[in-house]
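**Student:** Sequence and predicted structure, then a few things I'm wondering about:
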Amino acid sequence: MRISIGLLILTVSFGVSADEKKMAFRPGAKPMRNEIRRFIKVGTPIAAAEKIMTENGFSCRLKKNDDFLATDEGSTDSKFIQRKNFLYCERTEEGYVAMSPSRRWKAALLNENEKVANVLVSFETIQPSK
């Protein structure tokens, strides 16, 4: 009996919460890329990827034969793709208090044969205007 109660408590404590079903919006391009890839694996159909991204607050549109620059604020690390097809998704999160910076994530989910082939992310903070 004690073992059953203990297992029940562990299950409730460590079970999947509603928050684990939604993306965490991490500062930085690499942490956000890892978060997106937790939800969208290479090979996922583009339509399914778009649904996941919009359910997590991104606005998305398909881009054909377009360019994307994946950058991380404060880093010299970047990746530029040219003339590729991808699902472009963007999300801006307003600052928590007045006059605090907003954060913006831009993602390019490379589209090869209507499936995700790779994920690139750009991250920036936006200072409020005075």
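**Tutor:** Perfect, I can see it now. Numbers count the residues shown, from 1 in each chain.

**Student:** Helix or strand next in line after the helix or strand of the chain with the lowest mean pLDDT, which one?
**Tutor:** Least confident helix or strand, the chain: helix 2-14 with a mean of 42, by mean pLDDT, DSSP states H and E. Going down the chain from helix 2-14, the next helix or strand is helix 29-39, by DSSP states H and E.

**Student:** Which residues in whichever helix or strand comes after that following helix does the neighbour count mark as buried?
**Tutor:** The element immediately downstream of helix 29-39 (helix or strand, assigned by DSSP H and E) is helix 46-55. Within helix 46-55, the residues scored as buried using 16 or more other Cβ atoms under 10 Å are Ile46, Ala49, Glu50, Ile52, Met53. Every C-beta, even on glycine, is put in place using the N, C-alpha and C of the backbone.

**Student:** export helix 46-55 as PDB, just CAs?
**Tutor:** Taking Å, rounded to 0.1, in the frame of the first residue of the first chain, the C-alpha atoms of helix 46-55 are listed here in PDB:
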ATOM      1  CA  ILE A  46       5.700  21.000 -43.100                       C
ATOM      2  CA  ALA A  47       2.000  21.300 -42.500                       C
ATOM      3  CA  ALA A  48       2.300  19.600 -39.100                       C
ATOM      4  CA  ALA A  49       5.300  21.800 -38.200                       C
ATOM      5  CA  GLU A  50       3.300  24.900 -39.100                       C
ATOM      6  CA  LYS A  51       0.500  23.700 -36.800                       C
ATOM      7  CA  ILE A  52       2.900  23.200 -33.900                       C
ATOM      8  CA  MET A  53       4.500  26.600 -34.400                       C
ATOM      9  CA  THR A  54       1.200  28.500 -34.600                       C
ATOM     10  CA  GLU A  55      -0.100  26.600 -31.500                       C
END
